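J.: Here's my sequence, what's the structure:
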Amino acid sequence: MNGTLAALVTLAMTVVQSQAPAPVPANVRQRAEAAGVTAPVVAWCGGQFRPGQQGYAVAAGGRYLVIDGNGPAASLATFKSTPELACYTRAQALALHRDIQRSETLSGRIAPRFETAVVCGFVDATTATCWQYSPSERVFVEVGTWST
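T.: Numbering: from 1, shown residues only. Purely as a prediction, here's the structure:
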């Protein structure tokens with residue numbers, strides 16, 4: 001069963017990559033442009049990264065970014081290959097953490113610190129990193145990482 005769990009977690013992060021990419025919705029492109037993102041958006045997901053404020057995590061120009069206000073995009077990290085990006089509620093991130101802990105092939109953890117959404121992206125072929133907005137620090141902070 002642990003091998004199956006690992007396969008499901010990997011599938012959850014890569015299912016979009018196995019199909020032709022869906023077009024990026026116009027509102028996501030517009031928000032990215034308004035936030036100063038000039039490179040084409042190649043992957044995206046949505047979530048409530050700050051209380052009461054819907055936003056988007058995007059992959060553009062070799063970087064993962066968050067657009068969740070009227071200001072510039074917040075840079076999270078660079079990625080080395082095809083972007084794999086996912087947004088989770090806090091409950092979903094905790095469930096993913098439990099799956100990782102039970103897996104024989106995945107190692108790492110996700111420890112959300114706040115009630116808001118968590119964004120995770122593969123920074124290289126085998127390592128995913130997760131971030132969450134810290135209201136006290138006013139920046140996105142790393143809240144987990146895992147390897148396949």
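
J.: contacts, neighbours, all on C-alpha from now
T.: Noted.

J.: ok, which stretches of this protein are helices?
T.: 2-14, 26-34, 90-102 (DSSP state H).

J.: quick one: the shortest one to chain centroid distance?
T.: The gap between the average C-alpha position of helix 26-34 and the chain average comes to 18 Å, counting by CA atoms, centre = their mean, to the nearest Å.

J.: Any buried residues in it, and which?
T.: Counting neighbours by 16 or more other CA atoms under 10 Å, one finds that the buried residues in helix 26-34 are 28-29, 31-34.

J.: ok, so of those residues, who is nearest D99?
T.: For the buried residues of helix 26-34, the residue nearest D99 by CA to CA is V28; the value is 30.5 Å.

J.: these two touch, right, I100 and L106?
T.: Yes - using CA atoms under 8 Å, I100 is in contact with L106, at 5.7 Å.

J.: And stretch 67-77, how far out from the chain middle?
T.: Counting by CA atoms, centre = their mean, stretch 67-77 comes out at 13 Å from the chain centroid.

J.: quick one: contacts of that stretch?
T.: 31-32, 34-37, 49-50, 53-58, 63-66, 123, 131, 139-140 (CA atoms under 8 Å, 6 or more residues apart in numbering).

J.: how does it look with 10 Å?
T.: Stretch 67-77 is contacted by residues 28, 31-37, 46-50, 53-59, 62-66, 119-123, 129-132, 139-142 when judged by CA atoms under 10 Å, 6 or more residues apart in numbering.
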